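here is my input, please return the structure:
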Amino acid sequence: MIEEPYRWVEAVANRREYIETQLAPGSAIAAVSCAEGILLAAVGRTRQKLFEIYDRIAMGAIGHPGDIERLRMAAIELASTEGFTRSAADVSLRRLAYYSLSPVLKGAFEQVYGAPYLARLLFAEVGNTAEEDLFLRVEYDGAIATNGGVLGTARQAFGALSGTHASTELMETFLQREHDRRSTLPRAVDVAVNAWTIGSLALGEAGIRELPDKAAIADHRRKQLAGNVIEAVLLERDAKLSVRYRSLTDEELQPVTSS
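Okay, here's the model as predicted:
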C-alpha cells in the first residue's frame with residue numbers, strides 16, 4: 001500500500017518524459033496582436049497547424065495529428081454548443097479552456113493506464129482592441145498559461161508555442177523585445193516569422209539558448225523558407241465582419257518570402 005502512491009508518481013514522471021520527447025521536434029507557432037487583429041503564423045511543408053474554432057477564436061497546435069484533430073473537434077463542439085444554448089457573444093476562450101479542455105487533458109494525462117494526448121495547443125481570441133486580445137497555451141497535462149492581464153498588469157500582445165519549453169521561452173523573449181501591438185499587418189507577419197525562426201534555431205542542431213543577431217535570424221529564415229511555406233491566418237478585429245478568420249494571401253506574404 002505504501003508503494004502505490006510512489007508508483008503512481010513515478011509512472012506520471014515517466015509519462016511526462018515520454019510526451020516531452022515526442023513533442024520536442026514540434027515546429028513553432030507564433031501569434032501576435034496587430035492593428036488589424038491577431039495574426040497566427042507557422043512554417044512547414046504540408047500539414048495544417050492553424051484552425052478556426054469559433055467566431056473570435058483560433059487555435060494552433062503541435063503534436064500527433066490524430067490527437068490534435070480530436071481536441072480541435074472537441075473545442076469546436078463545445079464552443080458551438082455554448083453559442084447555440086446561449087449566444088455567440090457568450091462563447092469565451094477562458095471558459096472553453098479552463099472548464100472544458102483543461103480537465104479533459106489533465107484526466108487523460110493522469111490516468112496512467114490509458115493513452116495521453118500528445119499535443120500542445122495555442123489559442124487566440126481577438127478583442128475589440130489589441131489590449132483585450134487573449135492568448136492562451138494549454139499543455140498536454142491540462143496546465144494553462146495566458147498572456148497576463150491580471151492584478152492590474154497589461155496583457156502581453158503575443159503568444160508562442162514550440163516543441164520545448166526552452167524554445168517557447170526564447171520566442172517569447174524575442175517577441176517581448178521586438179513586437180508592438182500597434183504594428184501593421186506586414187510588420188506583424190515579419191516579426192511572427194522571425195519568432196518562428198528563433199524557435200527553429202532553438203530546436204535545431206544549433207540548439208541556441210540566447211537570441212542570435214539579426215544577420216543569423218535572416219540567414220536561417222531565408223534557408224528555411226526556401227524549402228517550406230508560410231501558413232498564416234488573421235482573426236480580423238472588424239466587428240462588422242461575420243467571419244473573422246481568414247488565411248493570408250500570397251500577395252500579403254510576398255514581402256516576407258522574398259526578403
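
on the pLDDT front, check the residue nearest the centre of the chain for me.
A centroid search over the chain (C-alpha atoms, centre = their mean) returns Leu122, at 2.8 Å, as the residue closest to the centre. Reading off the confidence values, Leu122 has pLDDT 97.

ok, it - contacts?
Counting by C-beta atoms under 8 Å, 6 or more residues apart in numbering, Leu122 makes contact with 29, 31, 40, 59-61, 135-138, 159-161. Quick note: C-beta positions are derived from backbone N, CA and C, even for glycine.

7 Å instead, please
Ile29, Ala31, Met59, Gly60, Arg137, Gly159, Leu161 (C-beta atoms under 7 Å, 6 or more residues apart in numbering).

and these as CSV, adding neighbour count?
Shown next, in CSV, are these (neighbours: other C-beta atoms under 10 Å):
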residue, neighbour count
Ile29, 31
Ala31, 31
Met59, 27
Gly60, 27
Arg137, 21
Gly159, 28
Leu161, 29
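
could you dump those residues to a markdown table with secondary structure?
Below are the contacts of Leu122 laid out as a markdown table (DSSP: H, G, I helix; E, B strand; the rest coil):
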| residue | secondary structure |
| --- | --- |
| Ile29 | strand |
| Ala31 | strand |
| Met59 | strand |
| Gly60 | strand |
| Arg137 | strand |
| Gly159 | strand |
| Leu161 | strand |
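
redo these as JSON lines? Include pLDDT and distance to Asp90.
Shown next, in JSON lines, are these (pLDDT from 0 to 100; distance: C-beta to C-beta, whole Å):
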{"residue": "Ile29", "pLDDT": "97", "distance to Asp90": "27"}
{"residue": "Ala31", "pLDDT": "98", "distance to Asp90": "23"}
{"residue": "Met59", "pLDDT": "98", "distance to Asp90": "19"}
{"residue": "Gly60", "pLDDT": "97", "distance to Asp90": "24"}
{"residue": "Arg137", "pLDDT": "96", "distance to Asp90": "23"}
{"residue": "Gly159", "pLDDT": "97", "distance to Asp90": "23"}
{"residue": "Leu161", "pLDDT": "97", "distance to Asp90": "27"}
